[in-house]
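Peer 1: Quick one, fold the following:
(one chain, ligands or ions: 1)
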Amino acid sequence: MSTIHNHLLSDLHKDQLILEANRAMAHAYSPYSQFKVGSAVLTTSGTIYSGCNVENASYGLTMCAERVAVFSAIAHEGPHVRLKAVLIASDPKATTPPCGACRQVLSEFGDDSLSVHFPKGGVLTQISLSCLLPEKFVLPS
Ligand code: THU
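Peer 2: Model (predicted):
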């Protein structure tokens, strides 16, 4: 966890997200896929939380790095936490957008403008959550 007091996604924030995502990626537990993923989220408080993927012998229990990072943000800041940005790192370096399940979870705690950064074709790309998930599920009232 690290705190920066600037609410715009500055180069400093981006560099810090890259650092924290890579740091978490080194902790990945992925003996089944051999694919390490790290993620870092920036909240509106200016704090960064990170996570890595955690696999299980019962494959379906595997948890993605992005959700670990989001859940850590909630554990530290509470249920009203809002996300400004999320960044993903992977090893081996591969195109790694957040999976569909993680997009839906991100949408619970971030606006349409949530800034999503992921490795694509060897470069870090940026896209808004609304582009990745144009139709999020909301509970009918
Ligand atoms: N994985 C993530 O952590 N995030 C994603 O967005 C996609 C997939 C992990 C889950 C599993 O441990 C491994 O990558 C292979 O699917």
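
Peer 1: Going by C-alpha atoms from here, please, whenever you check contacts or count neighbours.
Peer 2: Fine.

Peer 1: quick one: stretch 54-66 near the ligand?
Peer 2: Yes. Stretch 54-66 lies within reach of the ligand by Cα under 6 Å from any ligand atom, at 54, 55, 62, 64, 65, 66.

Peer 1: what residue ranges in this protein are flagged as low confidence?
Peer 2: For the chain, the stretches flagged by pLDDT under 70 are 1-8.

Peer 1: So which residue is dead centre in it?
Peer 2: residue 66 (3.6 Å; Cα atoms, centre = their mean).

Peer 1: Could I get the buried residue list for the helix or strand hosting it?
Peer 2: For residue 66, the enclosing helix or strand under DSSP states H and E is helix 65-77. Under the neighbour-count criterion of 16 or more other Cα atoms under 10 Å, helix 65-77 has 65, 66, 67, 68, 69, 70, 71, 72, 73, 74 buried.

Peer 1: swap in stretch 9-26?
Peer 2: 13, 14, 16, 17, 18, 19, 20, 21, 22, 23, 24, 25.

Peer 1: Kindly export the helix holding residue 66 (C-alpha atoms) in PDB.
Peer 2: These are the backbone C-alpha positions of helix 65-77, laid out as PDB (Å, rounded to 0.1, in the frame of the first residue of the first chain):
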ATOM      1  CA  ALA A  65      -4.900 -10.400  -9.400                       C
ATOM      2  CA  GLU A  66      -7.400  -7.600 -10.200                       C
ATOM      3  CA  ARG A  67     -10.000  -8.800  -7.700                       C
ATOM      4  CA  VAL A  68      -7.400  -9.300  -5.000                       C
ATOM      5  CA  ALA A  69      -6.300  -5.700  -5.500                       C
ATOM      6  CA  VAL A  70      -9.900  -4.400  -5.400                       C
ATOM      7  CA  PHE A  71     -10.800  -6.400  -2.400                       C
ATOM      8  CA  SER A  72      -7.700  -5.200  -0.600                       C
ATOM      9  CA  ALA A  73      -8.900  -1.600  -1.300                       C
ATOM     10  CA  ILE A  74     -12.200  -2.300   0.300                       C
ATOM     11  CA  ALA A  75     -10.600  -4.100   3.200                       C
ATOM     12  CA  HIS A  76      -8.500  -1.000   3.900                       C
ATOM     13  CA  GLU A  77     -10.900   1.900   3.000                       C
END
